[in-house]
Structure formats: structure tokens, C-alpha cells
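Student: Below: sequence and its predicted model.
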There are 2 protein chains.
Amino acid sequence: MRFDEPLTLRSGATIAGYELVYETYGTLNAARTNAVLVCHALNAGHHVAGYYAERPDEIGWWDSMVGPGKPVDTDRFFVLGVNNLGSCFGSTGPMSPNPATGKPYGPDFPVVTVEDWVHAQARLADALGIERFAVVMGGSLGGMQALAWTYLYPERIAHCLAAATAPKLSAQNIAFNEVARRAIITDPDFHGGSFYEHGVVPARGLQVARMIGHITYLSDDVMAEKFGRALRRRVDEVVLRDDYRFTFDVEFEIESYLRYQGEKFSKYFDANTYLLITRALDYFDPALAFDGDLARALASAQADFLIVSFTTDWRFAPERSREIVEALLANGRRVTYAEVDAPHGHDAFLLEDPQYLAVVRSWFERVAARVRAAGEDAAPVPAPAAGAQPVAEAQP
Amino acid sequence: MRFDEPLTLRSGATIAGYELVYETYGTLNAARTNAVLVCHALNAGHHVAGYYAERPDEIGWWDSMVGPGKPVDTDRFFVLGVNNLGSCFGSTGPMSPNPATGKPYGPDFPVVTVEDWVHAQARLADALGIERFAVVMGGSLGGMQALAWTYLYPERIAHCLAAATAPKLSAQNIAFNEVARRAIITDPDFHGGSFYEHGVVPARGLQVARMIGHITYLSDDVMAEKFGRALRRRVDEVVLRDDYRFTFDVEFEIESYLRYQGEKFSKYFDANTYLLITRALDYFDPALAFDGDLARALASAQADFLIVSFTTDWRFAPERSREIVEALLANGRRVTYAEVDAPHGHDAFLLEDPQYLAVVRSWFERVAARVRAAGEDAAPVPAPAAGAQPVAEAQP
């Protein structure tokens, strides 16, 4: 979807015009009351579920959650996935041409915040004729967007699902982001963010950044279980018990795994986007303007909530979700809180944990019942707003 | 101290000759029964306590612990600090000339292990006429060396103090080391470890490595308390409440702190040493040769033990110390275990926590009483072994 009306960002900068790539699943009902917006985290995008015939291996990042008969049942709901502004999967971002210069934005792409993304998503909703979402949902950074919807557009969101998230980053969270950014920025191939012009990418920095990220996504326990201290060996090698090779090359399985993840990531992810998205995480802090009082920050929210945390998530531990729950309860909101005993750490929100999926499924049953009770054939909301026009149709 | 007798390392490599820099504090008694060996961790060395008149700012790394009237009382004990083989504070390491080429060893310096260090320390003890240490002690990686003394030289160590340590690294511990190494190795200024010849140092990689390390040394809580989400401001700037600057430059105090630590470190620490020492950590696993049975690995130990852990240490959490305690108890050893409720995380073992220092002090009182009871004027052990000769005298 192309937007020609300029968007003023929280930083004060303005982006003249932009495109957002989106995918939809299921059918919007006549009353337009069954729309679900799925917000993505750091390295995902609009491709939430399913796959394209010509790319059968590229399954959507939340395919366990979204689809026909799945917890977010696309036989009932109209699901919308959108790639955020500044990301690198098709929406306008640092790789896009800067209309002022004709060259890629690179480091001149403005810093974007969670709130900016929500405003851009709201414009997309306008363009699609969705006045109010039945649910806005997401995990991690996606959960922050879902939360931000509740105080930025309280009348446009009926239910909010935020999983594995936090009301703001801790110093330790910021520290990990900062190290990852330093790895990228100090890579000589970064060229101050203008690497596109040099025909290179800061692959070394991206690899290190991704490796750091990956450590924080997994629990200590699941790393121990999956890799432990197992040594990396070729299958045709005779494995002796104590056969260290005394090398800085790959020796342990965990090293091989992290390097592989880092290399894969550096081939598809844009370095400037990595900086932008980690900074959006750092800056998210709705309570900041309310003397740190989260309840006041969320006072305008009208939605019902499902907050989910995972016991072994040390990036955004359950305590961080409980802060949100307490602030919502202080405002008299209806909140379901599930603290899921899952071994996988932060990544659990993306995985097929049966308990987790069952909680989401049953909460969505209630949402579906409300949508039905309100009447699915009521008069629809107004047509798409001016200033936005589809540029292509995705056919997932 | 210069050693001309070759040392065969655990990897099978041999180092032809080498020097170890050491410092001593206090006086060795006539019976030579009051010697305490202090083993260092990643970025420390032989300079354990006190300072030199000409360098009053360079206070020893464990000055809160070691000195006259301190828990390790140098009025009673003869304390020995030694810089390990492969380190970069004066002992033979990657920066030293390789006798085979005349150029710095660089990447050709052999991989060293905790056990190799202990053997080298034992030779130094021989040369100094110390047949048996009253105590071998250390924190973190230093604690691993103290533990290794108890099974490699059971008759040469009466007491072992190991603080904030673990019987082996977890997958997560190895993962953090691996990311730090990748940051160094992929820095173009690393030149495969031969950067000395190019007149550069891989400062960017070292900075990132140190930043990662630093995050793991501090508890989440102490980071929150010391830095939180405070914004970094020049003192002459008017501080508004919500005045993000929307930049990838330093915005939060924690970023400024980590960058400062990283830059400082990159100016004094050798990159090849960083690789060697983190690898020694990775490889430490005394139970590996005993089917993972730590009790069997420690079965030969005869020492009495003080094991100390810190509640907020998530690098080597108390559970890791308890594994050691259980293995020692299974062997019928005398073990004092202190789990200190300190807020500082892994770094606590270096800090002046009153509870911690009191525990060490009282344990050392008992050691001192035993030294006295055995008679401090008994016949001394034999003179320095052949093949080692002092090359200089330190005068702290």
C-alpha cells in the first residue's frame, strides 16, 4: 500500500511518502468486526502464516498460531500482517530510494519508534476499511506495538494480546542491543550506513549481532539440553571421549549453531534496519511521560487483554509482564494473564507449546463469540481514506 | 622467573622455554608453610595487591582481599601472585618473541588450559622453594585453577578457596565466549592473529568482546540500579523529561559506560590472549575424563575447601558452586560453603562485600591457626629446582 500523505514521526522528522507491504488471511466480514492485526518483532515481517506455491520452504513466522483451525482461526478472522516502516522486507526503509537524493536512504532513514509504527498501521487499517480491530497481537517487540495500540487508539482495538514482552527495556536489555549495534557500526564495511553504495554489507557485524541476540532468545536450560558441551564432529570422524582439538575454530556444537545462525542472518537482514529496530525497542517506554507510572500511561486503554509470559524467558521475564498486568488491573481493565511453564526462553512465543497455544485458542474463542454476538452483518465502516492506494496484491 | 625446561601442554604442544612474572607479599616463614597462591581470572595478572610508588593509581586487582590486616593477611601469610602463561602482563604469551622465528608468537602461541597453568605455577613454586601451599585461591577462572590444584597436586595444597566459579562452562557460557572471539577474529585488524606485524590492534573486536563480557559480569539488578534507563547528558545541558535525541550515538548511561569499558580494555589487553583465556575457560571440565562424574574427578583431592557463590551471579550461579560442594562432600572432604547474598553479580568476588570478606577472613583465621599449630620454624623444604632462575625482582 502506497501512502502519499507525509507521516510526522515521534522524533520530529517527517517521512514524505512510503509503502507498507502487507498480507491478509481469511475474509473480512460484512460488519468489518473480525480483523486481527499481527505485529512483528525484530527480524520478521508481513509474512505471518502459510507459504507461496513457488516458495514452499518460506513458511510464515507465526504459522503455528495463525491459519485455518489454528488458535487464530482464519476461517473466522481476517488476519492482517504488515511489515513495519524501516524494516527490510518490502516496506519503505533504509534500502529504499530517498526521494531527495534518488539513492538509498541508508543512515538518513529517520529513527522510528513503536508509536510511529502504530500510526502507520492505523493508516493502513484506514485504507483497508478497518475502523476497529477485534484483536491487535504480537510477541516481544510485537507485543509492545499491541500495547501501544491500546493507548494511542483506544477506540480502535477491542482486544490486545501481548506475549513475552515488557513495558520498557531494562539496562541489561539496552546493553545487549548496544553491543550488537557497536558490532555493526564498527564493521569497516558499514561505511557509516552507506554500504549500499560500496556494494558490500557489514556481514561480520551482523553475524556478531545475531549471535548475541540468539543467546538472549534461548534459555540457559534449553541451550544446555540442545547443545550442552557436545563437541562438533563430522559424522565420519571417530569420536573419542576427550578429544578436544585445541583450536579457535568450531569445537562445540553451540559454536557451530551460533555461527550458522549469524551467517544466515547476515545474508538477508539489512544492517540499518537492525539499528532502527533495536533503537525502537530501547526507546519504548510509555510510562516515561507519566513519571514512570505505567498505570497512568495505560489509563486510556479500553481493550480487554491477554498477557502471556514464559517462565524461562530471561530477556523479558514474567515479572516484566506482571508489571503490565498490575498496571491494567489498577485501571480496572479485564486481563487474562498466563505464565506458561515453557523451557525455551524468549523464543517460546514463536514455538508450538501446547499450553500456550491452548490459552490463546480459548481466549480467541471468547473473542469470536463476541464478534458473533455483535452481529457480523452490521453496517460496515467507511471506505478507504484518501491518500492511500494499493500498489500490489499479495496472494498467500 | 625464567624456565628453560620445556613444558608439554595438554594439547600435546610443547613450549620450549618461558618466563612467568610474579609478585609476592609478606614473608615466607622458616618452615615454608604459610604460602598462599592467588590465581587470576581473565583480565588480571600477578599484581594482586598494593601499588608501586611510581604508579599509585594501579592498585592490585584483589587489594580488598590481600594485604596487612586484610582477610588474606600478609602479616601472617606469604602471598604469591603469578601472571599465567599466555597472558599479556609480562609472562610469556602471544606478544613474546617466538624463538623459532624471532617474531611475536601471535596465532602460533599454543592453546593453554587451566591444567597447564597449574603445572607452570607448580614449577614456579618449586623454584621459590614452596613444596606445599597453605592455600591456593581464586575467583571465576582463578577458582578453576585452585580446584585443579587439588586433583593435580593433592599433596601440595592444604586448603582451596574457589569463589564465583563453576566445574565447567555451560553452553550459554561458551556461547558468550564464542561471540566475543568472533568479534575479535573477524575484525580486519586481527590479521589472523598476526596484527603485531601490521602495527595495528583489533580494537573494534576487543571493544565488542569486552562489552559482552561486562554484561555477563554484572547482575541485571545492579545494572538497573546503577544505570537504569538514565539518559546520558552533558552537565551543561538542560534535561527535559522525555528528551530522547533519536540517535545511534550514546543516548543511555549504560551505553556510555559499556563503550568506555570497551575502549579502555582495547588499549591494554592483547587480542590473542583474549582468545586463549576464553578457550581455557571453555575447555575446563575435570569431569570429562570421568564420564561426567565430578566426584570421581575430585576423588584425589586432600585439601579443605571454602566455596563461595553469590546469589545474583548469573554467569556462574550458586547452583554451579553447589555441584562442586556436593562432589566434595561425596568424597568426604571438609567443605565450608558460603552463598553470599550480594547484589553485584559475578563481579562480587572482586568487590568489598562485608559478608563475603568476613567469611574469607574467618576461614583464613582457621588456616593461620593450623599453620601455627604445625610449627612455623620446622625444617624448610628443599632449595629451588634446577632449570629455573629469577630474571628480575618485583618490589611492590
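Tutor: Received it, and whenever you're ready, just let me know what you need. Numbering: from 1, shown residues only, chains lettered A, B, ... in the order given.
Student: Tell me who's in contact with A:Glu352.
Tutor: For A:Glu352, the contact set (Cβ atoms under 8 Å, 6 or more residues apart in numbering or on different chains) comprises A:Ser64. The way it works is simple: take the backbone N, C-alpha and C, and place the C-beta from them, glycine included.
Student: Assign a three-state SS to it, would you?
Tutor: coil (DSSP: H, G, I helix; E, B strand; the rest coil).
Student: same check, this time on A:Ala125
Tutor: Secondary structure assignment for A:Ala125 (three-state DSSP): helix.
Student: same deal with the one 10 residues further on?
Tutor: Using three-state DSSP, the structure places A:Val135 in strand.
Student: List the contacts of it.
Tutor: Here A:Val135 is in contact with A:36-37, A:72, A:77, A:157-161, A:364, A:367 (Cβ under 8 Å, 6+ apart).
Student: And A:Phe290, by the same measure?
Tutor: Here A:Phe290 is in contact with A:296-297 (Cβ under 8 Å, 6+ apart).
Student: Look at it and report its pLDDT.
Tutor: On the pLDDT scale, A:Phe290 is placed at 95.
Student: From A:Trp314, how far out is it?
Tutor: 27 Å (Cβ to Cβ, to the nearest Å).
Student: For the strand or helix carrying A:Glu365, which residues meet the burial criterion?
Tutor: If you go by DSSP states H and E, A:Glu365 is part of helix A:354-374. Neighbour counts over helix A:354-374 (16 or more other Cβ atoms under 10 Å in any protein chain shown) mark A:356-357, A:359-360, A:363-364, A:367-368, A:371 as buried.
Student: Would you map the strands across the stretch 51-200 of chain A?
Tutor: A:66-67, A:72-73, A:78-82, A:133-139, A:157-163 (DSSP state E, counting those that start in this stretch).
Student: Make JSON lines out of the ones you listed and add mean pLDDT and distance to B:Phe265.
Tutor: Formatted as JSON lines, the strands of the stretch 51-200 of chain A follow (pLDDT from 0 to 100; distance: least, Cβ to Cβ, whole Å):
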{"stretch": "strand A:66-67", "mean pLDDT": "98", "distance to B:Phe265": "46"}
{"stretch": "strand A:72-73", "mean pLDDT": "98", "distance to B:Phe265": "47"}
{"stretch": "strand A:78-82", "mean pLDDT": "98", "distance to B:Phe265": "42"}
{"stretch": "strand A:133-139", "mean pLDDT": "98", "distance to B:Phe265": "35"}
{"stretch": "strand A:157-163", "mean pLDDT": "98", "distance to B:Phe265": "38"}
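Student: Need these in TSV (columns: distance to B:Asp270).
Tutor: Listed next are those as TSV, based on distance: least, Cβ to Cβ, whole Å:
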stretch	distance to B:Asp270
strand A:66-67	51
strand A:72-73	54
strand A:78-82	49
strand A:133-139	42
strand A:157-163	45
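Student: rewinding a little: so which of the buried residues of helix A:354-374 would you say is closest to chain B?
Tutor: A:Tyr356 (22.8 Å; Cβ to the nearest Cβ).
Student: wait, A:Gly60 sits on A:Thr74?
Tutor: No. At 11.1 Å, A:Gly60 and A:Thr74 do not qualify as touching, with contact defined as Cβ atoms under 8 Å.
Student: picking up where we left off before, give me the residues contacting the helix holding A:Glu365.
Tutor: A:29, A:31, A:33-34, A:64-65, A:70-73, A:76-77, A:134-135, A:158-159, A:161, A:163, A:306, A:308, A:310, A:336, A:338, A:340-342, A:348-349.
Student: now with 7 Å?
Tutor: A:33-34, A:64-65, A:71-73, A:76, A:134-135, A:159, A:306, A:308, A:336, A:338, A:340, A:342, A:348 (Cβ atoms under 7 Å, 6 or more residues apart in numbering or on different chains).
Student: So, low pLDDT: which residues of chain A?
Tutor: A:234-242, A:379-396 (pLDDT under 70).
Student: where does A:Glu23 land in three-state SS?
Tutor: strand.
Student: For it, the count of nearby residues, please.
Tutor: When neighbours are defined as other Cβ atoms under 10 Å in any protein chain shown, A:Glu23 has 21 of them.
Student: ok, it touching A:Ala44?
Tutor: No. Using Cβ atoms under 7 Å, A:Glu23 is not in contact with A:Ala44, being 11.8 Å away.
Student: Okay, buried residues for stretch A:207-220 please.
Tutor: Buried, per 16+ other Cβ under 10 Å, within stretch A:207-220: A:207-220.
Student: Repeat that for stretch A:100-112.
Tutor: Residues of stretch A:100-112 classed as buried: A:104-107, A:109-112 (neighbour count, 16+ other Cβ under 10 Å).
Student: For the residues you listed, give me CSV that also has distance to B:Glu19.
Tutor: Below are the buried residues of stretch A:100-112 laid out as CSV (distance: Cβ to Cβ, whole Å):
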residue, distance to B:Glu19
A:Pro104, 54
A:Tyr105, 55
A:Gly106, 51
A:Pro107, 49
A:Phe109, 54
A:Pro110, 57
A:Val111, 52
A:Val112, 56
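Student: With respect to B:Ala280, which of those residues is nearest?
Tutor: Proximity of the buried residues of stretch A:100-112 to B:Ala280 (Cβ to Cβ) peaks at A:Pro107, which lies at 40.2 Å.
Student: what sits against the closest one?
Tutor: Contact analysis of A:Pro107 by Cβ under 7 Å, 6+ apart lists A:192-194, A:272.
Student: Output these in CSV, with neighbour count and distance to A:Val325 appended to each entry.
Tutor: As requested, these are exported to CSV (neighbours: other Cβ atoms under 10 Å in any protein chain shown; distance: Cβ to Cβ, whole Å):
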residue, neighbour count, distance to A:Val325
A:Gly192, 8, 43
A:Gly193, 20, 39
A:Ser194, 16, 44
A:Asn272, 26, 35
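Student: I appreciate the help and will end here.
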